[in-house]
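Colleague: coords below, sequence missing:
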């Protein structure tokens, strides 16, 4: 069992980029870590990593991204286009007064983190991305049938109203099933944990906001905002962690990442799936701690 939960996680409202963000905070160190969650999760998905980073000397923030939880919920699809998401990250870093920033992302948070690092909107001391490929590899993957088939939901989410109705039925029952059903290890994804995500998705307007990320991805040409940087070698030291049993994103999307990142450490977790930091928190935390400490990162 993890012994890191003794460190208190507190929730605050932080004003940034003209919005209000509900942020889980932990620690008070001089260094700053910003953790970005994925779909259909929330800041709660970082409950195991926040205390670790606090113990390692960080002030760690895990915000609910715009549209999620108690954060501001803009109404238009255009409000969820990538430039706004990157501006949110910059605003949160500025609000923290950070001098050293570690950016961490999973799933949609990983897409935002990669893009933010590539655009160099603020200096980063390190980047950790979990189960989301480099944007160039993702774009290339979507042109091939295996990943197109896995990403069917992106196209389904372009429909008006129907995705919200189906996912929201029965107090967002489908959200809980989607997470549990695609996990390789459900030990840390109990009914109580899934209820947190179902409750959040059932808030008025929440599912529409969450799905609008995907609508904006298609309508506003996804990574167009950082297209000029996609083939530039990323200089930020990067740790990439990948649950191999991910049903939504194929492992082949990680191949060739070393050609796009100058200082890359890539580790696979064979027994984990897409929700890697929740399915295998002990292993993920050990890898993060080793990497941040400059030591050899465990291989499993």
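Modeller: In hand now; what should we look at? Quick caveat: nothing in here was measured; it's all calculated off a predicted structure. Numbering: from 1, shown residues only.
Colleague: and residue 39, which of the three is it?
Modeller: When classified by DSSP: H, G, I helix; E, B strand; the rest coil, residue 39 comes out as coil.
Colleague: how about it: what's its closest non-neighbour residue?
Modeller: residue 108 (4.9 Å; Cβ to Cβ, 6 or more residues apart in numbering). Where you see a C-beta, it was placed from the backbone N, CA and C, and this is true even at glycine.
Colleague: list the residues that contact the one you found.
Modeller: 36, 37, 38, 39, 65, 132, 213 (Cβ atoms under 8 Å, 6 or more residues apart in numbering).
Colleague: distance to residue 93 added to these, as CSV?
Modeller: Below are the contacts of residue 108 laid out as CSV (distance: Cβ to Cβ, whole Å):
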residue, distance to residue 93
36, 12
37, 17
38, 20
39, 22
65, 14
132, 20
213, 20
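Colleague: let's have the residues you listed in a markdown table, adding distance to residue 86, neighbour count and pLDDT.
Modeller: What follows is those, written out as a markdown table (distance: Cβ to Cβ, whole Å; neighbours: other Cβ atoms under 10 Å; pLDDT from 0 to 100):
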| residue | distance to residue 86 | neighbour count | pLDDT |
| --- | --- | --- | --- |
| 36 | 11 | 28 | 99 |
| 37 | 16 | 27 | 98 |
| 38 | 16 | 23 | 98 |
| 39 | 17 | 21 | 98 |
| 65 | 12 | 27 | 98 |
| 132 | 15 | 27 | 98 |
| 213 | 13 | 23 | 98 |
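Colleague: ok, those vs residue 275, which is closest?
Modeller: Within the contacts of residue 108, proximity to residue 275 (Cβ to Cβ) peaks at residue 38, which comes in at 8.4 Å.
Colleague: picking that back up, what's the farthest-apart pair in the contacts of residue 108?
Modeller: It's 65 and 132 that sit farthest apart of the contacts of residue 108, by Cβ to Cβ, at 13.9 Å.
Colleague: hey, what's in contact with both of these two?
Modeller: Common contact partners of residue 65 and residue 132 (Cβ under 8 Å, 6+ apart): 108, 109.
Colleague: next, give phi and psi for residue 19.
Modeller: phi -120, psi 170 (degrees, to the nearest 10).
Colleague: ok, it - contacts?
Modeller: 66, 71, 72, 74, 88, 91.
Colleague: now do it, the pLDDT please.
Modeller: pLDDT for residue 19: 98.
Colleague: and it, bridged to which residues?
Modeller: Assessed by DSSP bridges, residue 19 has beta-bridge partners residue 16.
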